[in-house]
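Asks: predicted model and sequence follow; I will ask about them next.
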Amino acid sequence: MQTDPAVPQRRKAHAALAPAVFVTGKGGVGKTTVAAGLALAAAQADDGAVLVEFGDGEAGKRALGHKPRNLSHVAIRPQQAVLSAAAPLFGSATLAKLALGNFAMRPLIQAAPAIRELAVLELARQVVAKHPGRRVVIDMPATGHSIAWLKVAQQGRELTGTGPIHDLCDRLLRELLQPGQASIVVVTLPERLVLNETLSLCRALENEIGLDVDRLVVNRVPTMPPAAALIDARRLAERDDAIGAAAGKLSDLLTVRASVWSQVVDSLQQGVGPGANGLTLLPQAPADPTASTVAEWLRHNGAA
């Protein structure tokens, strides 16, 4: 039976994802759509899911397209996160608001991004704690910032021997940033340079954070044209008429696509390896896919 080239090739099911899933990758690789697809796939499996996004939440809304059943969408704004996370430190939300709203404190918080990162991670941890049994997918900032975000709790615990900040960092490491509690999904593109940067990120996550990459999602992989299509196009191109001229152009196009496919496969085999843990290929589509389409592709790959 011939497979549909628009659907990714089915692979052996990957290891199950943890309750909290951090999705990261360079900007422009489709990271948010993959995050939304993972959340939607979990929601459609009747397990329920939460998509967590940092900022105003508009990117996640666009990716989802509608409000699916069993799926909650939470947007965490850094300023609000700092207030919420600081409330236990000051004893109440009112005192925290007064202290952090003080003109002398404002520049300190703006100059210390680690405070914002800790606060946002703490709110993400609270979302996971409030939704036991549900998959919580966290759309992380772009690659350059994700390592810093995930390292901040470990660094904070090491720098502070005791006290509320130490306790906050320790709680994040025990309850959220722990193998079995959190999975890492890295999204990339099938380009040699981008893949090399992605592999460096994967190594840094494993060595510096202590979390393995459970899914390496290679997005927008061009599909290989069917061999019969190229043979037929070349045969028709031998005709000395308008059909032959059109077939000749089609033959050239299919030849280029086959060459691009070979280069992509070569890059993947050299950079990643065919047996890489969690490797998931998603196809290039004529238009940007919806979260629903990506969820279907991920399920088909055994990666959801």
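Replies: Perfect, thanks for sending it.
Asks: residue ranges in the chain under the pLDDT threshold?
Replies: Applying pLDDT under 70 to the chain flags residues 1-13, 78-113, 143-144, 271-277.
Asks: grab the longest helix from it for me.
Replies: In terms of residue count, the longest helix belonging to the chain (DSSP state H) is helix 242-271.
Asks: ok, which stretches of the stretch 101-250 of the chain are helices?
Replies: 105-111, 113-130, 143-159, 164-175, 192-204, 227-237, 242-271 (DSSP state H, counting those that start in this stretch).
Asks: closest to residue 186 out of the ones you listed?
Replies: Between residue 186 and the helices of the stretch 101-250 of the chain, the shortest gap by C-beta to C-beta is with helix 192-204, which sits at 6.0 Å. (Each C-beta comes from the backbone N, C-alpha and C, glycine too.)
Asks: name the helices or strands packed onto that closest one?
Replies: helix 143-159, strand 182-188, strand 213-221, helix 242-271 (3 or more C-beta pairs under 8 Å, 6 or more residues apart in numbering; DSSP states H and E).
Asks: switch the cut-off to 7 Å
Replies: Judged by 3 or more C-beta pairs under 7 Å, 6 or more residues apart in numbering; DSSP states H and E, helix 192-204 is in contact with strand 182-188, helix 242-271.
Asks: include distance to residue 214 and mean neighbour count when you put these into JSON lines, please.
Replies: Shown next, in JSON lines, are the helices and strands packed on helix 192-204 (distance: least, C-beta to C-beta, whole Å; neighbours: other C-beta atoms under 10 Å):
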{"stretch": "strand 182-188", "distance to residue 214": "4", "mean neighbour count": "25"}
{"stretch": "helix 242-271", "distance to residue 214": "18", "mean neighbour count": "15"}
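Asks: for the helices of the stretch 101-250 of the chain, which one sits closest to residue 53?
Replies: Taking the helices of the stretch 101-250 of the chain one by one with C-beta to C-beta, helix 113-130 is closest: 10.4 Å.
Asks: between the closest one and helix 143-159, how many degrees?
Replies: Orientation check (axes from the mean of the first three to the mean of the last three C-alpha atoms, to 10 degrees): helix 113-130 against helix 143-159 gives 90 degrees.
Asks: what angle do the longest helix of the chain and strand 182-188 make?
Replies: 140 degrees.
Asks: can you give the distance of the next helix or strand after helix 242-271 from its chain's centre?
Replies: Counting by DSSP states H and E, the next helix or strand C-terminal to helix 242-271 is strand 279-283. Chain-centre distance of strand 279-283: 13 Å, with C-alpha atoms, centre = their mean, to the nearest Å.
Asks: and strand 279-283, which strands flank it?
Replies: Strand pairing for strand 279-283, determined by DSSP bridges: strand 213-221 (parallel).
Asks: what does the strand it pairs with rub up against?
Replies: Strand 213-221 is contacted from outside by 14-15, 17, 29-30, 34, 183-190, 202, 205-206, 264, 268, 272, 276, 278-284, 303, using C-beta atoms under 7 Å, 6 or more residues apart in numbering.
Asks: mind redoing it with 8 Å?
Replies: 8, 14-15, 17-18, 25, 29-30, 34, 183-190, 195, 198, 202, 205-206, 264, 268, 272, 276-285, 303 (C-beta atoms under 8 Å, 6 or more residues apart in numbering).
Asks: relative to helix 192-204, how tilted is it?
Replies: Using the same axes, to 10 degrees: strand 213-221 against helix 192-204 is 170 degrees.
Asks: may I have strand 213-221 exported as CSV, CA atoms only?
Replies: Taking Å, rounded to 0.1, in the frame of the first residue of the first chain, the C-alpha atoms of strand 213-221 are listed here in CSV:
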residue,chain,number,x,y,z
VAL,A,213,15.6,15.9,25.3
ASP,A,214,12.6,13.5,25.0
ARG,A,215,11.6,14.8,21.6
LEU,A,216,13.6,16.3,18.8
VAL,A,217,11.0,17.6,16.4
VAL,A,218,12.3,18.4,12.9
ASN,A,219,9.7,20.7,11.4
ARG,A,220,9.0,21.5,7.7
VAL,A,221,10.7,18.4,6.2
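Asks: quick one: the residue of the chain most remote from its centre from residue 248, how far?
Replies: The outermost residue of the chain, judged against the average C-alpha position, is residue 240 (50.8 Å), by C-alpha atoms, centre = their mean. Relative to residue 248, residue 240 is positioned 11 Å away (C-beta to C-beta, to the nearest Å).
Asks: between the helices and strands packed on helix 192-204, which gets nearest to residue 233?
Replies: Among the helices and strands packed on helix 192-204, if distance is taken as C-beta to C-beta, the winner is helix 242-271, at 4.0 Å.
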